[in-house]
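Colleague: I need the structure of the sequence given here:
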Amino acid sequence: MKMKMKRTLIILLCILTGGTTLSFAHDGYNQHLSPDEFKARQKAFITEKAGLTAKEADKFFPLYFELQDKKKEINDKAWELMRKGKDDKMTDAQYEEIILQVYDLRIETDNLDRTYYAKFKKTLSPKKIFQIQRAEARFHREILKTAQPPRKGEPQKEKK
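Modeller: Okay, the predicted model is just below:
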C-alpha cells in the first residue's frame, strides 16, 4: 500500500507541478533532473508522441508551461493546507475548512485547464490537444516506472 501511495503522490506532483526537480532511478542509477531538464524531456516526449510539428510546438509549449506554473502555485497552496491538517489538536470545523479549501483549489485547477484549452484551440485542433493529453499521461507513467524499484521476483534491467 505504501508503494501505491508513493506512486500516486509522484504522479500528482508531476502532473500538477510540471517542472519540479525530479530524482528517479533509471537503468540502475539515480538520475536528477533540474526543472529545465524535466521540461525539455517533457517537451520532447509530448512533441514526438503527439506528432506536433515544430511550428505547433513553438506555439503550444509557452502556453503549456505557463499553465503548469499556475497549477504548481495552486498545488503548493493545497499542500500547505494539507500540512496544517497534521496538527492533531485541530477541531472538526478546522478540518472541514481545510477540505473545502482544497476542493476549491482543485476546482480552480480544473477551471484553468478549461481556460487554457480554449487558448490551445486557437492554434491546435481538438484532436491534437487530445493527443497531447494522452502523451502527457504517458510521460508521467514512464517517469513513474523509472521511479519504482523492481518488484520482488522481477529481473532488474541490465545496464547498457
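Colleague: Could you list the low-confidence segments of this protein?
Modeller: Counting by pLDDT under 70, the ranges of the chain that qualify are 1-31, 148-151, 153-160.
Colleague: Mind jotting down where the helices sit in it?
Modeller: Along the chain, the stretches classed as helices by DSSP state H are 2-17, 35-50, 54-84, 92-120, 126-147.
Colleague: okay if I get those as a markdown table plus mean neighbour count?
Modeller: In short, each C-beta sits where N, CA and C put it, glycine included. Below are the helices of the chain laid out as a markdown table (neighbours: other C-beta atoms under 10 Å):
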| stretch | mean neighbour count |
| --- | --- |
| helix 2-17 | 14 |
| helix 35-50 | 16 |
| helix 54-84 | 15 |
| helix 92-120 | 13 |
| helix 126-147 | 16 |
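Colleague: do you know how far T115 is from Y95?
Modeller: T115 sits 31 Å away from Y95, going by C-beta to C-beta, to the nearest Å.
Colleague: Correction: the previous question concerned L124.
Modeller: 42 Å.
Colleague: With T109 instead?
Modeller: Separation of T109 from Y95 (C-beta to C-beta) stands at 21 Å.
Colleague: Next: L81.
Modeller: Per C-beta to C-beta, L81 is found 10 Å from Y95.
Colleague: got it, and D76?
Modeller: According to C-beta to C-beta, D76 stands 20 Å off from Y95.
Colleague: ok, now K84?
Modeller: Note on K84: its distance to Y95, by C-beta to C-beta, is 10 Å.
Colleague: before we move on, what about K70?
Modeller: 27 Å.
Colleague: same thing with K59?
Modeller: 44 Å.
Colleague: Over to N75?
Modeller: From N75 over to Y95 (counting by C-beta to C-beta), the distance is 20 Å.
Colleague: Check A147 too.
Modeller: Distance of A147 to Y95, given as C-beta to C-beta: 31 Å.
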